[in-house]
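1. coords please:
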Amino acid sequence: QHSTSTPLHHSKSQPRSSTPSLKMSVAAKHIIGKISPATSVMMFCDIQDRFRPLIHHGETIIRTSRLLTSASQELNIPLVVTEQYPKVFGPTVSDCFEDKAYLEKLPKFEKKLFSMMTPQVQEHINGMGDDKSSFILFGIETHVCVQQTALDLLERGKDVHIIVDGTSSQQPIDRDVALQRLANAGCFLTTAQSALFMLCQSAEHPNFKAISKLVVNHMKLPNGFNEDLLNKTKL
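-> Prediction:
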């Protein structure tokens, strides 16, 4: 039952908060979700050979991943790579990297946990310092490993940015429902291009030309998700 009496915690003499602007700024920060290279980590989730022919728009995922891994080099953003039980599902798809030497030197964290946030990965991230607050997440599958990784990061108080053209599942419905679930949980849904230009913030950024060139070249490639949207408008 709802009482019509004055709540016990309410008092006319109760002082108002002296820091309303601080509270608003904290809320605004959470809602806005801006990202910068200094505070960001890229999370590359389980894009492996065995999954390649099975994933909805899998080649688009690989092309988008190649854009993001190249950008991580240009912007000096840490890249965390996991592999789900590689003895069964194979190694990381090498086509996700323009620079194969970069792939070779990166540590690959093997796991059976669905989430990327194994103790080993957590320790690795902790070693990057206390300023890593934004996590740019892409890979497969959206409704399993990506989703559980995102929820673990949110639980740790991190901002999570899901690259929607860089994540997918075997079945489109699993991907679509998972993206809704993630947005409702507090993740920011974005595209690779949007995230990269937000990381640059300005055409005066010293790496803007290199990033812009990567984006332009990427836009020339087929994008299954974009084609799906264009086909819907024709119906």
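
2. okay, now D165: neighbour count?
-> 23 (other Cβ atoms under 10 Å). C-betas here are computed from N, CA, C, even on glycine.

3. need the contact list for it.
-> By Cβ atoms under 8 Å, 6 or more residues apart in numbering, D165 lies in contact with T60, T64, T191, A192, N223, F225, N226.

4. and E104, by the same measure?
-> For E104, no contacting residues are found, by Cβ under 8 Å, 6+ apart.

5. ok, it to S168 distance?
-> Using Cβ to Cβ, to the nearest Å, one gets 26 Å for the distance from E104 to S168.

6. what helices or strands is the helix or strand containing F44 leaning on?
-> Using DSSP states H and E, the element containing F44 is strand 40-45. Judged by 3 or more Cβ pairs under 8 Å, 6 or more residues apart in numbering; DSSP states H and E, the packing partners of strand 40-45 are helix 58-75, strand 79-84, strand 134-140.

7. and that strand with strand 79-84, angle?
-> In terms of direction (axes from the mean of the first three to the mean of the last three Cα atoms, to 10 degrees), strand 40-45 departs from strand 79-84 by 20 degrees.

8. could I get the helices and strands packed on strand 40-45 as CSV with mean pLDDT and mean neighbour count?
-> Formatted as CSV, those follow (pLDDT from 0 to 100; neighbours: other Cβ atoms under 10 Å):
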stretch, mean pLDDT, mean neighbour count
helix 58-75, 98, 22
strand 79-84, 98, 22
strand 134-140, 98, 27
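
9. out of those, the one nearest K209 is which?
-> Minimum separation from K209 across these (Cβ to Cβ) falls at helix 58-75, 9.8 Å.

10. for H124, give me its contacts.
-> Going by Cβ under 8 Å, 6+ apart, H124 touches V80, P107, F109.

11. kindly report the same for K158.
-> Going by Cβ under 8 Å, 6+ apart, K158 touches K132, S133, S134, F135.

12. if we go to 7 Å?
-> S133, F135 (Cβ atoms under 7 Å, 6 or more residues apart in numbering).

13. how about the helices in the chain?
-> For the chain, the helices defined by DSSP state H occupy 20-32, 58-75, 86-89, 100-105, 119-126, 147-155, 172-185, 192-200, 208-219, 224-234.

14. and the fifth one with strand 79-84, angle?
-> Inter-element angle recorded for helix 119-126 and strand 79-84: 180 degrees (by the same axes, to 10 degrees).

15. tell me the gap between helix 119-126 and the middle of its chain.
-> Its chain's average C-alpha position is 17 Å from that of helix 119-126, according to Cα atoms, centre = their mean, to the nearest Å.

16. just how off-centre is stretch 120-137 within its chain?
-> Offset of stretch 120-137 from its chain centre (Cα atoms, centre = their mean): 13 Å.

17. check L235 and give its pLDDT.
-> Looking at L235, its pLDDT stands at 73.

18. next one: H2
-> pLDDT, H2: 43.

19. do the same with the one 5 residues further on
-> Here the pLDDT value assigned to P7 is 41.

20. on that earlier part again, who's in contact with the strand holding F44?
-> Outside strand 40-45, the residues within contact range by Cβ under 7 Å, 6+ apart are 65, 68-69, 72, 77-82, 116, 125, 128, 132, 134-140, 145-146, 149, 199.
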